[in-house]
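Visitor: Fold the stuff below for me.
(one chain, ligands or ions: 1)
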Amino acid sequence: MEKELVGRGTTKSLKPETLMMGYGYRPEWSEGAVKCPIFQTSTFVFENAQAGKEFFEMAHGTREPGSRGAGLIYSRINNPDLEILEERLTVWDGAEAAAVFESGMAAISTTVMEFLKPGDFLLTSEPIYGGTEHLFEHILHKFGITVLCFGARQTKQQIIDIVEKAGAAKKLGMIFLETPANPTNQLIDIGMCVEIAKHFSTPERTVITALDNTFLGPLYQHPLKFGVDLVLYSATKYIGGHSDVVAGACLGSKPLINRVKSLRNVLGTMAGPWTGWLLMRSLETLKMRMETASRGAMEIAAFLNKHPNVEKVYYLGLIDTKDPQYAIYKKQCLSPGAMISFMIKGGEKEAFRFLDSLKMVKLAVSLGGTESLAEHPAAMTHSNVDPAKRNEFGITDNLVRISVGVEAPEDIIFDIKQALESV
Ligand SMILES: *Cc1c(COP(=O)(O)O)cnc(C)c1O
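Guide: Numbers count the residues shown, from 1 in each chain. Reported below is the predicted structural model:
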């Protein structure tokens, strides 16, 4: 399938949701199979020794790829299920290239390691996903990398001051962002962070910007359009979407993704063919899943917002128009998405009672699946965050997070209502 459909005298560019059915794949490659088959093979036969030599030259970048890509060698280096998936994944974000991984953490750690070296500083927004936090706080220092943090409501000048006061102005290697931030949906101005990266870049040294787009992407937030260099995903969440696969992705320009892929080859963090196939299956319904979940989330957030047992709701669709966060939302988000957090009246006891009383919504971490899930950030996903920091980020003992699925909103509301009443 091509990106354009040629009619009589006219050409139509196809919409992303249409391209998800087959972009990058041709049935004639696989005996006419409508779907790209699973290429469950570790290695590929060369037509002759000269072809094998040329494939290796293409893999090393000393020869230009042929019309059908770089040539298949070995499934750690490339595999049709990964290459076709990667091409398809670039569509939503308007990226030149993508690399897929066996987990979101594999994508994040491989990318960070490729662009940072001993002596460098990494500036990250906070709060961030627990696994990423662990990598930044406890692993990177072993490689001589220092991590600096800033929060969602800090100004451009305040963030620049953090870097300068740390003596990092000439050694800043990367700015890492996660927005909306988990679990309270705090937004960070993407354009502002790109300006900060430019501020500290020199002709010899570019400060790379990377953004974890798991919560709103790839449908509702397109960071590359705001000048971000690399977009990262836990494809376990909305992209996979059925809570049955763990995977990750990194997207950006061809030269940057080639660098990420060459480290991925060496670390062996690539996804396997089965994972690639599952994600292609999932992409076909991505738009309808995300749209249905977001529509449901709006109803559920409105219900929670009026309930007497609920103290406060954190949802992108409920930001006060006078809050500076609202302008950021309008600028960079296309929908409030389907993640809701709320403070139940009381403390941990009441929050636990609510979670234990849910009958249909499942008590589990993770998000972005077809089924609704609820969890307790302070005791679960964010339990490794320092308690003082937890308070600062609003991760209180009475906070509950819900990932809204695609069930009928009225059924989810019925379940939440009965659980709230039993508190
Ligand atoms: C889940 C998640 C990750 C980690 O991804 P895995 O696929 O579990 O390795 C990273 N960032 C965010 C925002 C996540 O929600």
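
Visitor: Tell me how far the residue of the stretch 51-200 of the chain found nearest the ligand lies from residue 385.
Guide: Residue nearest to the ligand within the stretch 51-200 of the chain: residue 104 (2.3 Å; C-beta to the nearest ligand atom). C-beta: built from backbone N, CA, C; applies to glycine. Distance, residue 104 to residue 385, by C-beta to C-beta, to the nearest Å: 18 Å.

Visitor: Those two: who's more crowded?
Guide: residue 104 (26 against 21; other C-beta atoms under 10 Å).

Visitor: Grab the nearest non-local neighbour of that one.
Guide: Leaving out its chain neighbours, the residue that sits closest to residue 104 by C-beta to C-beta, 6 or more residues apart in numbering is residue 234, at 2.7 Å.

Visitor: what about the one you found, how many neighbours?
Guide: Neighbour number of residue 234 under other C-beta under 10 Å is 29.

Visitor: repeat for residue 80
Guide: Neighbours of residue 80 using other C-beta under 10 Å come to 23.

Visitor: Run a quick check on it versus residue 72, I expect a contact.
Guide: Yes. Using C-beta atoms under 8 Å, residue 80 is in contact with residue 72, at 7.0 Å.

Visitor: quick one: low-confidence parts of the stretch 301-423 of the chain?
Guide: Nowhere does the stretch 301-423 of the chain drop to pLDDT under 70.

Visitor: now do the chain
Guide: In the chain, residues with pLDDT under 70: 68.

Visitor: Which residues are in contact with residue 132?
Guide: 105, 108, 176, 178, 212 (C-beta atoms under 8 Å, 6 or more residues apart in numbering).

Visitor: wait, doesn't the residue nearest to residue 104 sit right on residue 214?
Guide: Yes. With contact defined as C-beta under 8 Å, residue 234 reaches residue 214; the gap is 4.6 Å.

Visitor: okay, and the common contacts of the two?
Guide: Both residue 234 and residue 214 are in contact with 104, 129, where contact means C-beta under 8 Å, 6+ apart.

Visitor: and this structure, which residues reach the ligand?
Guide: 103-105, 129, 131-132, 178, 182, 212, 214, 234, 236-237, 246, 248 (C-beta under 6 Å from any ligand atom).

Visitor: What is the nearest of those to residue 62?
Guide: residue 248 (28.9 Å; C-beta to C-beta).

Visitor: For the closest one, give its distance to residue 402.
Guide: With distances taken as C-beta to C-beta, residue 248 is found 23 Å from residue 402.

Visitor: Comparing the two, which residue is more hemmed in?
Guide: Neighbours were counted for residue 248 and for residue 402 using other C-beta under 10 Å; residue 248 has more, 30 against 25.

Visitor: Quickly list the domain ranges of the protein.
Guide: 95-267, 286-420 (automatic domain parsing).

Visitor: which one of these is the most hemmed in?
Guide: Highest mean neighbour count among these (mean count of other C-beta atoms under 10 Å): domain 95-267, with a mean of 20.

Visitor: in the stretch 101-250 of the chain, which spans are strands?
Guide: With DSSP state E, counting those that start in this stretch as the definition, the stretch 101-250 of the chain shows strands at residue ranges 121-126, 146-151, 172-178, 208-212, 230-234, 248-252.

Visitor: any chance of those in CSV, with distance to residue 48 too?
Guide: Output for these, formatted as CSV (distance: least, C-beta to C-beta, whole Å):
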stretch, distance to residue 48
strand 121-126, 47
strand 146-151, 50
strand 172-178, 44
strand 208-212, 41
strand 230-234, 38
strand 248-252, 34
